[in-house]
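**Student:** give me a model of this one.
(one chain, ligands or ions: 1)
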Amino acid sequence: MKAEFGVRCSGAEPLIYELSKPGRTATTLPALDVPEAELPPPSLLREPDRLDLPEVSELDLVRHYVRLSQLNWAIDIGFYPLGSCTMKYNPKVNEAAARLPGFAYTHPYQDVHTVQGNLMVMHVLQEMLREIGGFAAVTLQPSAGAHGELTGVLMMRAYHLDRGENQRTRIIVPDSAHGTNPATTAMVGLEVVEVPSDERGNIDLEALRAVCDDSVCGLMLTNPNTLGLFEERLAEVMELIHGCGGLVYGDGANFNALMGIARPGELGFDVMHFNLHKTFSTPHGGGGPGAGAVGAVEKLAPFLPGPIVYLSRCEEVGCPRAADPEEAEEEATFFHLVTPLKSIGRVKAFYGNFAILLRAYTYMRMLGAEGLRRVSEMAVLNANYLKSQVRDILPISHDRTHMHEFVAKGIIPEAPDVRALDIAKRLIDYGFHPPTNYFPLIVPEALMIEPTETESKETLDAFAAALRSIREEALTDPAVLHEAPHTAPVRRLDEVRAARQPVLRWQP
Ligand SMILES: *Cc1c(COP(=O)(O)O)cnc(C)c1O
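**Tutor:** Numbering: from 1, shown residues only. Predicted coordinates for the structure are as follows:
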C-alpha cells in the first residue's frame, strides 16, 4: 500500500479497497422490470469488462464515509478563522429551503411559465444585491468569485472595445490582491500592472498615478483590502482611474464588512462580484459549488451576461397563459428572462447554481436589511476585539482600525526559528482551524485572521488563549511546534510536493 499523504491516517483503519471481498455488495437493486438488453459491442466495453471497484457490505461503506467525514475539519465542528474566506456558520434553514421539493425537482429545461417561483427567488435576490451593492443591474450566472472576476473584466474590455478604445489592454492590480485578480487578467488576455501598497496598507497613490494612462482598461481593487483595511483615499483612487478613462473592478469577496453601511456602486466601483458562498453563508470549501453574482453600474449593465430575470406586466411582454381572461387578471405580472443588449454572452449553463442562489436568498430574507447591517457591524467588532486580544502575543500588520479581518505576523523575536507555519499547525492541536497562512504576500509570516460575526466572545477568547499558550511553547519547547500537528489524522505534510505531485488515487 502506497499512501504518500492523505487518506491513510492513524495507520490502523484499512482503506476501502483493502476491505474488498469478492461478492460483497452494499446495494440491493430492485427486480428487473424492463426487458433485458444486449450489451454494447465488446469494442465499446472497458478492459477488463467491469469497473475495478471495491466490493464491500453496506456497513463497510457507511463506516468508510462516516470515518472520512470525521477526519475533515468543518465550520460545524469548530472555529475556522480562515482570513478572506469568511467561514461563517451556514444556517440550516438554508438547507431546508434548498431541499423543498418544489425547488429541488424543477428542471432547467422547463418552460418559464412553470418556474415562476424559481424566477421570483432569482429576481428578488438580484434586487437585494442591487440594493446593497448600489448597482443598476446584477447577474447571478457566475459560479465562483474568480468566475465573477472573469465576467467583470470581460465586461470592462467589451465596454472599451464598444467605444473603439482598443488600446486599453492593461489592468492595474495592487500587490495586496488575491491571486485570482492577476490570474483573471491573464485569462482575459490583458496585461497585469502591479502597484505597491503604502506604509498604511493603502494602494500607493503616487505609483498608481505613474501608470494611469490611456492604455489602462481598469483597476481591480479589493475594499476592504486583504489586510482587512478600508482604502483611506478611495475617492482619490476613483478620480484618478476614471480620470484616465479606466474602469474600477471591485473584488467583493470581502463584502462582509460593508452590508448596509457602504454601497460600492456609490463609492465609484463600476462592476463587482459578490461571493454568495462567503458573505451570504452558503457552504463552501473543497471546490464548490458556489456563486459569484456580478453587479454593474448603468454604463456597464448592457454588457452583463444573460439571462437576467425581469418582472414585467403581461400587457407589455404578453403572458403565455393569458388566454383565459380570469387567469390573465391573476397573472398580471410575469417573470421572464432577458439578455442585455451588448451582453458578453453566457458564462454558465442555464440559471447559474440555482440551489446556491436559493440558500443566499433564504439567508438574506431571514436577516432582512437591519439584520444584514448588524452582521457587518458584528463582523467588524469581532475582528477588532480579537485583534485587541492578539496584539500582545504576535505583531499586528498595519495596526489601525480593521474591518472584518486583520493580519498578524507569526514572528516571535525570542524564538527566531519558529515560523507562522509552525504556529498554524500547532493551532490544529488546540482544536482550531489555522488562519490563512502566507497571504497576503506583502506581509512576512502572515496569519490572516477572520473571525466572522457568528463566533461568540468565549470562542474568540479561547483562540487568543491558545495563541498565548503556543507563544509560551515557542519560548520553552519549540520542537513541539516544529513537529505539529500531533493530534491530527495526518502529521505535517510536504505541502509543495502535495501540490506538485498530488496522489489522488489509491494505488495497490
Ligand atoms: C475568495 C476570494 C476570491 C475568489 O473567490 P472564489 O469563489 O474562491 O473563486 C477572490 N478575491 C478574494 C479577496 C477572495 O477572498
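**Student:** for the stretch 101-250 of the chain, which residue gets nearest to the ligand?
**Tutor:** Nearest to the ligand in the stretch 101-250 of the chain, going by C-beta to the nearest ligand atom, is residue 145, at a distance of 2.2 Å. Bear in mind the C-beta positions are built from the backbone N, C-alpha and C, glycine included.
**Student:** any idea of the mean pLDDT in stretch 493-508?
**Tutor:** The pLDDT scores in stretch 493-508 average 84.
**Student:** over to the residue of the stretch 101-250 of the chain closest to the ligand: give its phi and psi.
**Tutor:** phi -60, psi -50 (degrees, to the nearest 10).
**Student:** what number of residues lie near it?
**Tutor:** Around residue 145 there are 26 other residues, counting by other C-beta atoms under 10 Å.
**Student:** quick one: contacts for it?
**Tutor:** Neighbour list for residue 145: 180, 251, 253, 273, 275, 278, 290, 292 [criterion: C-beta atoms under 8 Å, 6 or more residues apart in numbering].
**Student:** what's the one helix or strand residue 428 maps to packed up against?
**Tutor:** Assigned by DSSP states H and E, residue 428 belongs to helix 420-429. Applying 3 or more C-beta pairs under 8 Å, 6 or more residues apart in numbering; DSSP states H and E, we find helix 420-429 packed against strand 436-437, strand 446-449, helix 457-476, helix 478-482.
**Student:** show me what that helix is in contact with.
**Tutor:** So helix 420-429 is contacted by 394, 409-411, 433-435, 437-438, 445-447, 466-467, 470, 473-474, 478, 480-482, 484-488, 492 (C-beta under 8 Å, 6+ apart).
**Student:** same check on stretch 86-106?
**Tutor:** When contacts are defined by C-beta under 8 Å, 6+ apart, stretch 86-106 is touched by residues 75-76, 80-81, 114-115, 117-118, 121, 253-254, 256, 275, 278-279, 281-283, 285, 354-355, 358-363, 366, 404, 433, 450, 452-454.
**Student:** let's see that with 7 Å instead.
**Tutor:** 75, 80, 115, 117-118, 256, 278-279, 281-283, 355, 358-359, 362-363, 366, 450, 452-454 (C-beta atoms under 7 Å, 6 or more residues apart in numbering).
**Student:** can you tell me which of the contacts of residue 145 is nearest the ligand?
**Tutor:** residue 253 (3.2 Å).
**Student:** which residues touch the closest one?
**Tutor:** Residue 253 neighbours (C-beta under 7 Å, 6+ apart): 84, 145, 178, 275, 278.
**Student:** using CSV, lay out those residues together with pLDDT and secondary structure.
**Tutor:** As requested, the contacts of residue 253 are arranged in CSV below (pLDDT from 0 to 100; DSSP: H, G, I helix; E, B strand; the rest coil):
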residue, pLDDT, secondary structure
84, 96, coil
145, 96, helix
178, 96, coil
275, 97, coil
278, 97, helix
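**Student:** what's the farthest-apart pair in the contacts of residue 145?
**Tutor:** Within the contacts of residue 145, two members stand farthest from each other by C-beta to C-beta: 251 and 290, at 14.7 Å.
**Student:** okay, those two: which has more neighbours?
**Tutor:** Neighbour count, other C-beta under 10 Å: between residue 251 and residue 290, residue 251 has more, with 28 against 23.
**Student:** so the more buried one sits against residue 182, correct?
**Tutor:** No - Residue 251 lies out of contact with residue 182 (C-beta atoms under 7 Å); the separation is 11.5 Å.
**Student:** re earlier: any idea which of the helices and strands packed on helix 420-429 is most buried?
**Tutor:** Per residue and on average, the most neighbours among these fall to strand 446-449, with a mean of 26 (mean count of other C-beta atoms under 10 Å).
**Student:** who's in contact with that strand?
**Tutor:** Counting by C-beta under 7 Å, 6+ apart, residues outside strand 446-449 touching it are 81, 83-84, 386, 405-410, 420, 423-424, 435-440.
**Student:** these: which ones sit near the ligand?
**Tutor:** residue 84 (C-beta under 6 Å from any ligand atom).
**Student:** in the stretch 301-450 of the chain, where is pLDDT below threshold?
**Tutor:** Along the stretch 301-450 of the chain, segments meeting pLDDT under 70 span 320-331.
**Student:** do a quick rundown of the strands in it.
**Tutor:** According to DSSP state E, counting those that start in this stretch, the stretch 301-450 of the chain carries its strands in the segments 308-313, 333-338, 406-409, 436-437, 446-449.
**Student:** list the helices and strands the third one packs on?
**Tutor:** Judged by 3 or more C-beta pairs under 7 Å, 6 or more residues apart in numbering; DSSP states H and E, strand 406-409 is in contact with helix 354-390, strand 446-449.
**Student:** for the fourth one, same thing?
**Tutor:** Packed against strand 436-437 by the contact rule (3+ C-beta pairs under 7 Å, 6+ apart) you find helix 420-429, strand 446-449.
**Student:** phi, psi for residue 23 please.
**Tutor:** Backbone dihedrals for residue 23, given as degrees, to the nearest 10, come out at phi 100, psi -20.
**Student:** what count of nearby residues applies to it?
**Tutor:** The burial count for residue 23: 5, using other C-beta under 10 Å.
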